[in-house]
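J.: I'll drop the sequence and a predicted model, then ask my questions.
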Amino acid sequence: MLGLRRLKRVRDRAFKGMALAGFPIRSSDRQWYGLKNKHSGERAFIIGNGPSLLLKDLDRLSGEITFAANKVFLAFEKTRWRPTYYCAVDSLAPEFLGDFKGGGLGQINFFPDYLTGVEAPPSMYFRLRDDKDASPWPRFSRNPIAGIMQGYTVTYICTQLAFWMGIRELYLVGVDCNYTMPETKPVSKKGSIEVFAKTTEQNYFLPNYHSTGEKFCRPMVQEQVLAYESAKRAYEARGWRIRNATRGGALDVFERVDFDEVVET
């Protein structure tokens, strides 16, 4: 049995090496290469779920390439807009995705491989990496087959997915990057991640985003800012750019632009 496991590890490393060299063997690797530069030279929007996000703005993004995440599906009953791509990396995702009813999420849904039990086809999976010894941290993945880097915000994962697809002009919307926390102790803790139960906090675009008692992870704002700076460096090194079209908020890593000027009515 041990010999078979070792053989499987050797085989998997060989397949991964082939894929990284541009010769994908496994069907999952071929799927990823099918997305490489799919939107070469185009623009896209990453939708955050912050309180600045307006439902009417989502409708204005219909027809644009959009990446969205987590409980954005709560907007579906109030807007005709649907994301092109959906992503969730939170370990609590199986719980909140249980609230999703009907329709589809994205044309493709992206999850880390520890969420393979999530029923949300069509789905693609990746290894989520967190190299805390990297300098600067976090690294930025240019190939999802090698893994996608953790940045304590799903928005950072979306910047790496967009990069792989060749998006050269990326806009953030609804990424407020400031939070108020309930005046209670966490109900649990795993490493540096603290989990709270919803009481009175209101950090999202709908007041019922979290139901009373629902669990959620403490936002790690300092780590998120470092991740955004890493994404900015990666895009600018290629001559591309990320700009912030959020209506307000506290994120000042990227150049600010006016949503109404970027998106035609």
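T.: Ah, there it is. This structure is a prediction, so every number in the text was calculated from the model and none was measured.
J.: how close does the residue most central in space within the chain sit to Asn37?
T.: The centroid of the chain falls nearest to Val154 when counting by C-alpha atoms, centre = their mean (3.1 Å). Distance, Val154 to Asn37, using C-beta to C-beta, to the nearest Å: 23 Å. In short, each C-beta sits where N, CA and C put it, glycine included.
J.: which residues touch the residue nearest to the centre of the chain?
T.: Applying C-beta atoms under 8 Å, 6 or more residues apart in numbering to Val154 gives the contacts 69-70, 87-90.
J.: pLDDT score assigned to it?
T.: If you check Val154, the pLDDT there is 95.
J.: Not counting its neighbours along the chain, what's nearest it?
T.: Distance criterion C-beta to C-beta, 6 or more residues apart in numbering; nearest residue to Val154, sequence neighbours excluded, is Ala69 at 4.3 Å.
J.: Buried residues, stretch 50-57. List them.
T.: 50-53, 57 (16 or more other C-beta atoms under 10 Å).
J.: pull the CA atoms of that stretch into CSV?
T.: Extracted C-alpha coordinates of stretch 50-57, given in CSV (Å, rounded to 0.1, in the frame of the first residue of the first chain):
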residue,chain,number,x,y,z
GLY,A,50,-19.2,45.7,0.9
PRO,A,51,-21.9,48.2,2.0
SER,A,52,-21.0,50.6,-0.9
LEU,A,53,-22.2,48.1,-3.5
LEU,A,54,-25.5,49.2,-5.1
LEU,A,55,-27.9,46.7,-6.7
LYS,A,56,-28.5,49.1,-9.5
ASP,A,57,-24.8,49.1,-10.3
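J.: Name the residues that touch it?
T.: Counting by C-beta under 8 Å, 6+ apart, 47, 75, 78-79, 173-177, 202-205, 246-249, 259, 263 sit against stretch 50-57.
J.: continuing past the host helix or strand of Lys56, what's the next helix or strand?
T.: In this structure, Lys56 sits in helix 55-60 according to DSSP states H and E. Remark: after helix 55-60, the chain's next helix or strand is strand 66-69, criterion DSSP H and E.
J.: Who does that next one pair with, and is each partner parallel or antiparallel?
T.: Strand 66-69 has these partner strands in its sheet, going by DSSP bridges: strand 43-47 (parallel), strand 85-87 (parallel).
J.: List the buried residues for the helix or strand just after the last one?
T.: Along the chain past strand 85-87, the next helix or strand (assigned with DSSP H and E) turns out to be helix 93-96. Buried residues in helix 93-96, defined by neighbour count with 16+ other C-beta under 10 Å: 93, 96.
J.: Give me the contact list for helix 93-96.
T.: Residues outside helix 93-96 that contact it (C-beta under 8 Å, 6+ apart): 70-71, 90, 111, 115, 117-118, 214-215.
J.: 6 Å instead, please
T.: By C-beta atoms under 6 Å, 6 or more residues apart in numbering, the surrounding residues in contact with helix 93-96 are 71, 115, 118.
J.: Run the chain-centre distance for the helix or strand following it.
T.: Going down the chain from helix 93-96, the next helix or strand is strand 108-112, by DSSP H and E. Chain-centre distance of strand 108-112: 9 Å, with C-alpha atoms, centre = their mean, to the nearest Å.
J.: Show me the shaky parts of the protein.
T.: Scanning the chain for pLDDT under 70 picks out 1-26, 98-103, 119, 181-192, 194-201, 211-213, 216-217, 265.
J.: where along the stretch 151-265 of the chain do the helices fall?
T.: Using DSSP state H, counting those that start in this stretch, the helices of the stretch 151-265 of the chain run over 154-164, 221-237, 259-262.
J.: got those helices as a markdown table, with distance to Ile65 columns?
T.: As requested, the helices of the stretch 151-265 of the chain are arranged in a markdown table below (distance: least, C-beta to C-beta, whole Å):
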| stretch | distance to Ile65 |
| --- | --- |
| helix 154-164 | 8 |
| helix 221-237 | 16 |
| helix 259-262 | 13 |
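J.: Out of the ones you listed, flag the one nearest Asp130.
T.: helix 221-237 (10.0 Å; C-beta to C-beta).
J.: This completes my enquiry, with thanks.
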